[in-house]
Structures are given as C-alpha cells and as structure tokens.
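Enquirer: just coords:
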C-alpha cells in the first residue's frame, strides 16, 4: 500500500517525541534520494491531536505515529491497509484526497529481524513472545506470516494476551511464568518496555536454551542490557535497531514508491550515537 502522491512534508506524532530517532535516519534517506521534503518531530498532546490531524490533512502531509497516539490515529483514519487493520494499529500515514490513510510497518521490521536472526526460518521452531501490548501484536502477525505455529506467550495479564491473539487471528499458548514460557524455545522476543531504561532484563540469558536466539524490540544507542548479556552468554542477539530501520524503510516506500538506502539510514543512526 502506498500514497498516490508524495506527501508535502513528513512528521512523527508523539508525546513526548524528542527521543525519536526517526528524523535522523529519515532525513538522511530523503537527502540521499534527492527529495526536498524534510521529516520533523511533532510533540502533540492528546487533546491537540484532532486539530493537528486536521491541519496535516490540509497540508497533504504524511509521517509516522508513536505513543500515545497510535490507537487514536488508527481510529481516526478513513482507510487503512489490510495489515494495519489486522494488527489493530498504524504507525505510518499519508493523505489521499484529504482523507487520512494508515499502514502498519512494524510487522515489516519484525520480519526483517527474525529472518536475519533465523536464516533457516521459524516454521518448525518454538517461539516465545514476552508481552501482550501493541508491539506484541506486530510480532504475532510476523511470526504467523513466517509460518510459525508454536507461539508461546507470557504477559502480565493472560486474558489480554488471549484477546490480542484472537483479534489478530493467531494461535498462541499462554504461560504464567517467563521461565516456563521460554523453556525449549528457539527464539525469545521481548515485546515489553523492559530494558528501555536501567539494567533490568526480561529473563537472565542463562535461563534460556543453549542455542536460543534473542530479539529485543527495545532500542538503545548502546544496545540493551539483555542483548549485551545474551551475547556474553554466546547467544545470537539483536536489539530493535534493525526493526527501527526496516520499519522506517517500509514507511519510506509507502510515501514515495521508491527504495530508500537502509545503509544510509543505519549510518546516520550510528553517527548520531557517537556524537
């Protein structure tokens, strides 16, 4: 799904949003592609969202949506892609004839990371997902698209995980404890906020299977504590950097119907991290 005409400008809507890395790599990709649009962060309080969306429509703007606006913008959209409808949220938008159109590119980011970590696939693998929020919905759908039929989940509220899986039409098995959920799993995916700050980890890597793969959706410039510990344990592990870049690249394709340079995007993030 893509916009039929280029957006006049690009924004990321959030509150707060100053921490977003999207302007860094999207502006690098725009410049490299020779496009004049620029991508800016727009901090929008919830009570100002409706008016902001109205103004963006008059400007024929596009962009991304982050917390806490994903659900509100999804509900405000006139049309969404089939993928956004299935996941139940959108993180990418544009306007067609004044109408707000939404898409979900988080699934593309998860797909790219799981494929990189598990090049032989996960069709016959046991996969564990920690969490049952919006990020977990994208993970459930991605694993389903990859053919995984053995998805274990551990979340603070089991009923929430079951309702989420039912909504996105994915079969899961819910466990009461993280330790039970990860036992024997080939890949363990953290879809919770654990690790965004401090040194807390979802589970000690030593408690995972010896050949388990770790995917932490959290992104930090110096990587996350869980990924660092997993690598010290000898496990293959990635944080949310690849997902961040790949979901941004999918958004770029949606806006401009052209392939962005993910290398340029990644270099921009790396340069920013060390300055």
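Expert: Yep, that arrived. It should be emphasised that the depicted structure is a prediction, and the values quoted were computed from it without experimental measurement. Numbers count the residues shown, from 1 in each chain.
Enquirer: quick one, helices of the stretch 1-150 of the chain?
Expert: Along the stretch 1-150 of the chain, counting by DSSP state H, counting those that start in this stretch, helices occupy 22-32, 49-58, 70-76, 82-87, 106-117, 134-145.
Enquirer: for the ones you listed, which one sits closest to residue 99?
Expert: helix 49-58 (7.8 Å; CB to CB). (Each C-beta comes from the backbone N, C-alpha and C, glycine too.)
Enquirer: which residues touch the closest one?
Expert: 11, 13, 42, 44, 63, 69, 72-73, 76, 95, 98-100 (CB atoms under 8 Å, 6 or more residues apart in numbering).
Enquirer: got a PyMOL select line for the buried ones in those?
Expert: Buried residues among the contacts of helix 49-58 (16 or more other CB atoms under 10 Å), as a PyMOL selection:
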select buried, resi 11+13+42+44+63+69+73+76+95+100
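Enquirer: re the thing from before, of the helices of the stretch 1-150 of the chain, which approaches residue 128 most closely?
Expert: Residue 128 sits nearest to helix 134-145 of all those, at 10.2 Å, using CB to CB.
Enquirer: out of the helices and strands in the chain, which is least certain?
Expert: helix 262-273 (a mean of 88; mean pLDDT, DSSP states H and E).
Enquirer: checking the closest residue in space to residue 183 that isn't next to it in sequence next. Helix, strand or coil?
Expert: Closest residue to residue 183 apart from its sequence neighbours, by CB to CB, 6 or more residues apart in numbering: residue 209 at 7.6 Å. Assigned by DSSP: H, G, I helix; E, B strand; the rest coil, the conformation of residue 209 is coil.
Enquirer: what pLDDT is listed against residue 209?
Expert: pLDDT, residue 209: 96.
Enquirer: neighbours of it, how many?
Expert: 15 (other CB atoms under 10 Å).
Enquirer: reformat the helices of the stretch 1-150 of the chain as JSON lines; add distance to residue 158 and mean pLDDT.
Expert: Shown next, in JSON lines, are the helices of the stretch 1-150 of the chain (distance: least, CB to CB, whole Å; pLDDT from 0 to 100):
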{"stretch": "helix 22-32", "distance to residue 158": "33", "mean pLDDT": "97"}
{"stretch": "helix 49-58", "distance to residue 158": "32", "mean pLDDT": "96"}
{"stretch": "helix 70-76", "distance to residue 158": "22", "mean pLDDT": "93"}
{"stretch": "helix 82-87", "distance to residue 158": "21", "mean pLDDT": "95"}
{"stretch": "helix 106-117", "distance to residue 158": "22", "mean pLDDT": "97"}
{"stretch": "helix 134-145", "distance to residue 158": "13", "mean pLDDT": "95"}
